[in-house]
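J.: this is the structure alone, sequence omitted:
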């Protein structure tokens, strides 16, 4: 996926992105608050993940694709967009540094991700944010998703505490 506007671009991750991704997003407890893994402890962990994710780009039919969200024009990576491909539908997940929030970036990121999935022939997209993450749910609704209910004890969000949390069952037909 490649997308660019005056504020940000979506592109393949590079090993050189590890420092900015770690400082701006993956190493930030606050920015990574609503993701299913703990923030990275070191830039080396982020680098290791980038190396792992880069392998997906060359796969014939990857099950997961992870792209960087980089600031224009300096190209520093401050977030991620993730696509998970299933038999019946795809999933979209995204997150950006809290330093870039409240600028419409997440909404534009979500919409561009949906366009990408539509070009791939995907007909249905789902995602499951934490039910109390109202900003994420608002972005999804602005992008055309509808809420199909609550998934009880559905996902882990380690920065929020132990156990499973309820998630919104957000879906869109493309």
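T.: Yes, it's here. Predicted model only: the values in this text are computed from it and were never measured.
J.: now the strands for this protein?
T.: Secondary structure of the chain by DSSP state E: the strands cover 3-4, 8-11, 64-71, 77-85, 90-96, 124-127, 146-155, 165-173.
J.: and those strands: which comes nearest residue 43?
T.: Closest approach to residue 43 among these (CB to CB): strand 77-85, 12.2 Å. Any C-beta I mention is one placed from the backbone N, CA and C, and that applies to glycine too.
J.: strand partners (parallel or antiparallel) of the closest one?
T.: strand 64-71 (antiparallel), strand 90-96 (antiparallel) (DSSP bridges).
J.: mind checking the pLDDT average for the shortest one?
T.: Averaged across strand 90-96, the pLDDT comes to 97.
J.: that older thread, got the strands of the chain as a markdown table, with mean neighbour count columns?
T.: Formatted as a markdown table, these follow (neighbours: other CB atoms under 10 Å):
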| stretch | mean neighbour count |
| --- | --- |
| strand 3-4 | 15 |
| strand 8-11 | 20 |
| strand 64-71 | 22 |
| strand 77-85 | 22 |
| strand 90-96 | 21 |
| strand 124-127 | 20 |
| strand 146-155 | 12 |
| strand 165-173 | 18 |
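J.: one step back: which among the strands paired with strand 77-85 is found nearest to residue 31?
T.: It's strand 90-96; of these, that one is closest to residue 31 (CB to CB) at 7.0 Å.
J.: contacts for the closest one next, please.
T.: 25, 31-32, 34-35, 69, 78-84, 105-106, 109-110, 113-114, 117, 120, 122, 124-128 (CB atoms under 8 Å, 6 or more residues apart in numbering).
J.: ok, back up a step: tell me which of the strands paired with strand 77-85 sits nearest to residue 132.
T.: strand 90-96 (15.7 Å).
J.: how far away is residue 94 from residue 152?
T.: The spacing between residue 94 and residue 152, counted by CB to CB, to the nearest Å, is 24 Å.
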